[in-house]
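1. Predicted model and sequence below, questions to follow.
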Amino acid sequence: MPNIPLIFNSPFDSIDKNYFLKHYWQKRPCFFKKAFHSPPSYLSADELAGFSLLDDVESRLIKKSSNQQWSIEHGPFDESRFETLTESHWTLLVQSIDTWAPQTRELLSHFSFIPRWRFDDIMLSFATDQGGVGPHADNYDVFLVQGDGERRWRVGSKGVLSSNQSIIEGMCHQAEFDPIIDEVMQPGDMLYIPPETPHWGISLGESMGYSVGYRSMQTHQLLALLTESLSNDVQYQQFFTDEYRKQINQSNHLEKEIVHWAQEQLVKLSKQPQLLQQLIGQQLSCSKLGQYENNHEIKIDSLDEKTTIQLDQEVGVNWSLSNNKILLNVEGESYFFEVNTLKTIEKFCNYLPVSIKGFNFSSNDIDFPETLANLLNKGHIKLTN
């Protein structure tokens, strides 16, 4: 086995991302000392607390009492709640801060080597001295970036989880574990933690920490997606039949034929990769907090070959090849483009400005590309010139 380091003393942007993906992504944790030259400092503790007062914002307050008992409260909170808290042993967490404070999305530029459809959200936490959420493991990949202050982080080996777990108001705490990383994170430092990896952070004084999370689709979500999408499709409304029945069944024995029928239906679906491709693409292009609000109005008759457009950073998007076409999914809707627009689509999906001419648009053409018109009318795109 090659010697694979767990600690780096160089900026994260200078690390070979192919090396990182091969040796660390979903495999083992690693720590980056001074990962970023400019530590993130997008919001103050008071500003973060302000978001936790809002109805639409998901927030939590996690405390550890003097008798070592953990508790969790869910927002929205009243401003007076913070006046009653002690000076230590609690932390405030706000999910999807990238939605509520768009400036935090700047962090995502450091992780552009991972497709955006894997991105879940950025969580921001403020912790008082000795504050934290306790020893735990997550089911997703996360980059922990230290903002203001310091936190001591201990991280165990991936997959080495204790059977001695305690569920505390929805939190699954691990028992003590043997850390392979034990570091005090200072502003600009970063930890990568893969799924099923125990970790425990404790604030040393007051501190702010950013968690950039990458979550993946689960089997039950795929099945629910298929059910919802195919419920009105006639070819998937067939009933189970039991013409085979020739003997009395008075004991309510569940016969193997109905199980075989169910298997056949699932196999039938598995043999339709283009259907699955489109459904999964649509699902993974949806914003976490629901349909992205349309902001931009573009008058199609004002466009010409010099026009450049750009997809909003908030918008979910992905693309793939399907039946010699490019399947573009934007906020849960599919659009098909010709293969010769591939380079434009790749840049467009990377949220870069692109020339409208790259979509086979020509002001001399009588037939304006209908697909492009539909996409522009959704309001997800802004003009950049």
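-> Perfect, I can see it now.
2. Domains of this structure: list them as residue ranges, please.
-> 7-214, 300-383 (automatic domain parsing).
3. what stretches of the stretch 51-200 of the chain score poorly on pLDDT?
-> Applying pLDDT under 70 to the stretch 51-200 of the chain picks out residues 170.
4. Please, where are all the helices along it?
-> 97-100 (DSSP state H, counting those that start in this stretch).
5. picking up where we left off before, so for Phe240, which of the domains of the chain sits nearest?
-> Closest to Phe240 of those, according to CB to CB: domain 300-383, at 31.4 Å. C-beta: built from backbone N, CA, C; applies to glycine.
6. Tell me how far that closest one lies from the chain's centre.
-> 24 Å (CA atoms, centre = their mean, to the nearest Å).
7. cool, stretch 224-236 as well?
-> Averaging C-alpha positions (CA atoms, centre = their mean) puts stretch 224-236 25 Å from its chain's average.
8. tell me which residues in it are buried?
-> Leu225, Leu226 (16 or more other CB atoms under 10 Å).
9. Arrange the domains of the chain in a markdown table, one row each, with mean neighbour count and distance to Gln272 as further columns.
-> Below are the domains of the chain laid out as a markdown table (neighbours: other CB atoms under 10 Å; distance: least, CB to CB, whole Å):
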| stretch | mean neighbour count | distance to Gln272 |
| --- | --- | --- |
| domain 7-214 | 17 | 21 |
| domain 300-383 | 16 | 12 |
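10. Dump those to TSV, plus distance to Val259.
-> Below are the domains of the chain laid out as TSV (distance: least, CB to CB, whole Å):
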stretch	distance to Val259
domain 7-214	29
domain 300-383	32
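11. In the stretch 201-350 of the chain, where is pLDDT below threshold?
-> In the stretch 201-350 of the chain, residues with pLDDT under 70: 290-295.
12. ok, 90 please
-> For the stretch 201-350 of the chain, residues meeting the criterion pLDDT under 90 lie at 216-218, 221-238, 268-270, 272, 286-307, 309, 312-315, 323, 335-338.
13. What segments of it are helices?
-> 219-230, 256-270, 273-284, 342-349.
14. Quick check: which of the domains of the chain is nearest to Ile258?
-> When the domains of the chain are compared by CB to CB, domain 7-214 sits nearest Ile258, at 32.6 Å.
15. Endpoints of the closest one, how far apart?
-> 21 Å (CA to CA, to the nearest Å).
16. So what's the gap between it and the chain middle?
-> Centroid separation for domain 7-214 versus its chain: 14 Å, with CA atoms, centre = their mean.
17. now do stretch 296-303
-> The chain centroid and the centroid of stretch 296-303 are separated by 32 Å under CA atoms, centre = their mean.
18. Kindly check the end-to-end length of it for me.
-> Criterion CA to CA; first-to-last residue distance in stretch 296-303 is 14 Å.
19. Same check on stretch 233-245?
-> Using CA to CA, the two ends of stretch 233-245 sit 28 Å apart.
20. now stretch 331-349
-> Termini of stretch 331-349 sit 12 Å apart (CA to CA).
21. what's next to that stretch, contact-wise?
-> Stretch 331-349 has contacts (CB atoms under 8 Å, 6 or more residues apart in numbering) with 116, 278, 281-283, 285-287, 291-292, 309-311, 315-319, 321-322, 324-329, 353-355, 358-360, 371, 374-375, 378, 380.
22. please redo it, this time with the cut-off set to 7 Å
-> Residues from elsewhere that reach stretch 331-349 (CB atoms under 7 Å, 6 or more residues apart in numbering): 278, 281-282, 285-287, 291-292, 311, 315-319, 324-328, 354, 358-360, 371, 374-375, 380.
23. Next: stretch 187-198.
-> Counting by CB under 7 Å, 6+ apart, 12, 24, 26-36, 39, 135, 137-148, 153, 155-156, 158-159, 161, 174, 177, 185, 199 sit against stretch 187-198.
24. repeat for stretch 318-329
-> Outside stretch 318-329, the residues touching it (CB under 7 Å, 6+ apart) are 117, 274, 277-278, 281-282, 284-285, 317, 334-339, 341-342, 345, 349.
25. Now with 6 Å, please.
-> Trp117, Gln274, Gln277, Gly281, Gln282, Leu284, Ser285, Tyr335, Phe336, Phe337, Ile345, Cys349 (CB atoms under 6 Å, 6 or more residues apart in numbering).
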